[in-house]
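Enquirer: how would this look folded up:
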Amino acid sequence: LTHVFDVMLTTHSIMHDSAYVFLTPNERTSLIAAAFCHDVLHPGVNNGYFVNRQDALAVKYDNKSILELQSIDFALPLVKQYNIITTEVSEKIFVQSIEWTDMSKHGALMKDVEAFFPGFLLVLNAERKKLDLEEKETGLDQSDLDAGIDLSAVLSPEHKQMLAAFILHCADVSNPVKHWSYCERWAVLVMHEFFGQGDSEKRLNLPLSMNCDRDTVSTPTCQLGFGAFIIKPLFLLLAKLLPKIGAVYLKNFEENNKMWQKAKEEEESAKVPYKMVLQPPSEAGGWL
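Expert: Got it, this is the predicted structure:
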């Protein structure tokens, strides 16, 4: 639940900063609802764990996006029952945004958004021209927002769904681009969860999932690798669309990367593993 609030508020922050121009008010509500519901019923292990166990849940969802589809099946009837979602586009935003939090879809989502960017600039510059603003080769800036640019009526439903999913994906993995105190705390919680899954896999004689073996995995090395291969490219792409908030996130990321590099060097020099200081949320916040 604590992660859910963190992701929901981060999604809201990205929207409030500038991404609100992509979506209508009802579509924005749908995205915030998706952020709140994206991990409902997740038990603290990943999809691969269920596949390797040949679990009934994996069979139900054909071994694909298992936990994400379970969340959608649980939450969609509720948000429709209470009229949180009232249009077909909003429903598709809700469903697709949750489904694409599946990390196995990261590469495809990055490829789609990158391919969309030139077309996004064409749409944005056409709207700039209508408002007598300078046409540029960069994403939304403050002058666009001050002039009242609204792209929600000119972007296709498919592109709005893709952008919404991209924003939620960024928010879902955003701890490396926040202030170091948050970054480190969340990293330790994530690694603790990974190692718990690895312990269970060892007990059940299942294949050990990546980064889940507490006996061999270095937390700083893991964080540096995740940052280099996932986080930096992801937020560089966000910064192309939304330069203002993207720059803030990238600055934080570089500062955090230096801290993880220092931790790695200290770990290697002392030949003592990085000490994970576990600071869990309260029981009310979802900690069991």
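Enquirer: what separation is there between Met94 and Thr86?
Expert: Actually, residue 94 is Phe rather than Met. Plainly put, Phe94 is 11 Å away from Thr86 if you go by Cβ to Cβ, to the nearest Å. Any C-beta I mention is one placed from the backbone N, CA and C, and that applies to glycine too.
Enquirer: so between those two, which is more surrounded?
Expert: Taking other Cβ atoms under 10 Å, Phe94 and Thr86 do not tie; Phe94 has more neighbours (29 against 12).
Enquirer: which residues touch that one?
Expert: Counting by Cβ atoms under 8 Å, 6 or more residues apart in numbering, Phe94 makes contact with Ser30, Leu31, Ala33, Ala34, Cys37, Ile72, Leu76, Val79, Ile85.
Enquirer: ok, residues contacting the host helix or strand of the first one?
Expert: Taking DSSP states H and E as the criterion, the element that holds Ser30 is helix 25-37. Under the criterion Cβ under 8 Å, 6+ apart, residues 4, 7-8, 10-12, 15, 20, 23, 71-72, 74-75, 79, 84-87, 89-91, 93-94, 97-98, 152, 160, 164, 167-168, 171 lie in contact with helix 25-37.
Enquirer: buried among those? Make that a ChimeraX selection.
Expert: Selection of buried members from these for ChimeraX, criterion 16 or more other Cβ atoms under 10 Å:
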select :4,7,8,10,11,12,15,20,23,71,72,75,79,84,85,89,90,93,94,97,98,160,164,167,168,171
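Enquirer: the contacts of helix 25-37 in strands, which ones?
Expert: Counting by DSSP state E, none of the members of the contacts of helix 25-37 fall within strands.
Enquirer: please name the nearest non-neighbouring residue to Val45.
Expert: Gln197 (4.6 Å; Cβ to Cβ, 6 or more residues apart in numbering).
Enquirer: helix, strand or coil for that neighbour?
Expert: In three-state terms, and counting by DSSP: H, G, I helix; E, B strand; the rest coil, Gln197 is helix.
Enquirer: swap in Asn211?
Expert: Assignment for Asn211 (three-state DSSP): coil.
Enquirer: what's the burial count for it?
Expert: 21.
Enquirer: equivalent analysis for the one 10 residues further on, please.
Expert: Using other Cβ under 10 Å as the criterion, Thr221 is surrounded by 17 other residues.
Enquirer: same thing with Ala228?
Expert: Counted with other Cβ under 10 Å, Ala228 comes out at 11.
Enquirer: what's the spacing between it and Gln261?
Expert: Here Ala228 is placed at a distance of 11 Å from Gln261 (Cβ to Cβ).
Enquirer: what of Lys271?
Expert: 17 Å.
Enquirer: who's more crowded, these two?
Expert: More neighbours surround Gln261 than the other of Lys271 and Gln261, with 15 against 6 (other Cβ under 10 Å).
Enquirer: chain neighbours aside, what residue packs nearest to that one?
Expert: Per Cβ to Cβ, 6+ apart, closest to Gln261 is Leu224, 6.5 Å.
Enquirer: what does Tyr249 give?
Expert: Val177 (3.8 Å).
Enquirer: need the contact list for Glu201.
Expert: Tyr49, Asn52, Pro207, Leu208, Ser209, Cys212.
Enquirer: which residues does Thr138 contact?
Expert: Lys240, Pro243.
Enquirer: ok, now with 10 Å
Expert: By Cβ atoms under 10 Å, 6 or more residues apart in numbering, the residues touching Thr138 are Leu121, Leu124, Asp144, Ala239, Lys240, Leu241, Pro243.
Enquirer: perfect, that will be all.
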